[in-house]
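1. The sequence and its predicted three-dimensional model are supplied below.
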Amino acid sequence: MSTQVSEEVREALHEGRPVVALESTLIAHGLPRPRNLAVAAELEESVRAGGAVPATIAVIDGTARIGLDRAALTRIAEDPSVRKLGHRDLAPALATGVTGATTVSATAWLADAAGIRVFATGGLGGVHREWSETQDESADLRLLARVGITVVCAGVKSILDVPATLQRLETLGVTVVGYGTDRFPGFYLSSSGEPVDWTLRTPEEVAGVIRAQDALGGPRAALVVANPVPVAEQLDPALHDRVLAQGLAAAKEKGITGQAVTPFLLEYLMVHTEGASLEANLAAVRGNVRLAAGIAGAYATGTGRAAGTGAGGAAASGTGARDTGSHRAPAAGADGR
């Protein structure tokens, strides 16, 4: 595979210093120009301020780049021909010399292959509403069951079927922990209302779980750290619910189905909340990037101890807390069986 790791990232990995992977789809396809380039630079600076090295990932002229220089970052932000690449698209993109921005699945795959253990993003893809009819499920989920990376996110996009997505992650063996919360975040919202089985409260506790995964060996799967957007910065829940319901009705009326539904709903939310959904998205990404830098630092320095060896602060349904997993009510057939 044609892969180029930047000198800064390569040296940091060689020396055991903290590195945080960042996706590039947010830059190319998730934000308006020219704000996207400013945000990209801001997120990289936030990683540095947290004591880690940023590794923004993209494909440039058929080469997978792990860590972008300013010219490459500018190209991803400003070139309208930049494609959106999931992990299934990487091989043809590299073979044909394409330039593209990497989604969660492609970024996680490339970061894991490079030896990066922590990845910050906004929200994951998941099981789509009306799955029983469409069989539509994000490629993120299966990919996360195959890579040993820690993904810091604000849950899954609230336009998706959140209960079904959580059940699917459980079926696939992907560990999900809430960071400072016992409820799974709702991307734009601090809470989706769905419980999580584990709650961690410090970067050191998360690093302990990563080290416990290392010690256990066995099947590789991601650790999802669900970090809620602060309540003060979330999208107003009533506004969110009203506009989302209107957007779903509009999509049905227009006959929009399959992969076209998600971009339609995200755009609908941004327009009909007058940009408030975009600001909530950015608030979530900023918080995730800061937390990811802290986790990467704690893991690199060996602070905290492996979960299951008496580390305090982690709440589990199997250690006296209520069995939250048994109270989920996923959509019928949503686990893909």
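-> That came in fine, so what should we check first? Residues are numbered from 1 along each chain as shown.
2. Can you list the residue ranges for helices in the stretch 51-200 of the chain?
-> Using DSSP state H, counting those that start in this stretch, the helices assigned to the stretch 51-200 of the chain run over residues 70-78, 90-96, 104-114, 131-134, 139-144, 162-172.
3. Ranked by average pLDDT, which of those falls at the bottom?
-> Here the helices of the stretch 51-200 of the chain differ in mean pLDDT, and the lowest is helix 131-134 at a mean of 54.
4. what bridges to residue 119?
-> residue 21, residue 151 (DSSP bridges).
5. ok, it - how many residues close by?
-> 29 (other Cβ atoms under 10 Å). Placement of C-beta: from N, CA and C, glycine included.
6. picking up where we left off before, of the helices of the stretch 51-200 of the chain, which is nearest residue 17?
-> Counting by Cβ to Cβ, residue 17 lies closest to helix 104-114 out of the helices of the stretch 51-200 of the chain; the figure is 14.0 Å.
7. In terms of secondary structure, what does that closest one contact?
-> Packing partners of helix 104-114 (3 or more Cβ pairs under 8 Å, 6 or more residues apart in numbering; DSSP states H and E): strand 3-5, strand 19-22, strand 53-60, strand 63-66, helix 90-96, strand 118-120, helix 139-144.
8. Can you name the next helix or strand after the second one?
-> Following the chain from strand 19-22 toward its C-terminal end, the next helix or strand by DSSP states H and E is helix 25.
9. Can you point out the buried residues in the helix or strand that that following helix is followed by?
-> Next in sequence after helix 25, counting helices and strands by DSSP H and E, comes helix 35-49. Under the neighbour-count criterion of 16 or more other Cβ atoms under 10 Å, helix 35-49 has 36, 37, 39, 40, 41, 43, 44, 46, 47 buried.
10. Redo the helices and strands packed on helix 104-114 as CSV? Include distance to residue 213.
-> Supplementary listing: the helices and strands packed on helix 104-114 in CSV, determined by distance: least, Cβ to Cβ, whole Å:
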stretch, distance to residue 213
strand 3-5, 23
strand 19-22, 17
strand 53-60, 20
strand 63-66, 22
helix 90-96, 25
strand 118-120, 13
helix 139-144, 13
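11. Now stretch 240-259 - C-alpha only, CSV.
-> Output in CSV follows, covering the C-alpha atoms of stretch 240-259 (Å, rounded to 0.1, in the frame of the first residue of the first chain):
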residue,chain,number,x,y,z
HIS,A,240,-33.5,19.4,17.4
ASP,A,241,-36.5,17.1,17.7
ARG,A,242,-38.9,19.4,15.8
VAL,A,243,-36.5,20.0,12.9
LEU,A,244,-35.4,16.4,12.7
ALA,A,245,-39.1,15.2,12.5
GLN,A,246,-39.7,17.8,9.7
GLY,A,247,-36.5,16.7,7.9
LEU,A,248,-37.5,13.0,8.0
ALA,A,249,-41.0,13.9,6.6
ALA,A,250,-39.4,16.0,3.9
ALA,A,251,-37.0,13.2,2.9
LYS,A,252,-39.9,10.7,2.6
GLU,A,253,-42.0,13.2,0.6
LYS,A,254,-39.1,13.8,-1.8
GLY,A,255,-38.4,10.0,-2.1
ILE,A,256,-34.8,10.4,-0.8
THR,A,257,-33.5,7.0,0.3
GLY,A,258,-30.3,5.1,1.0
GLN,A,259,-27.0,7.0,1.2
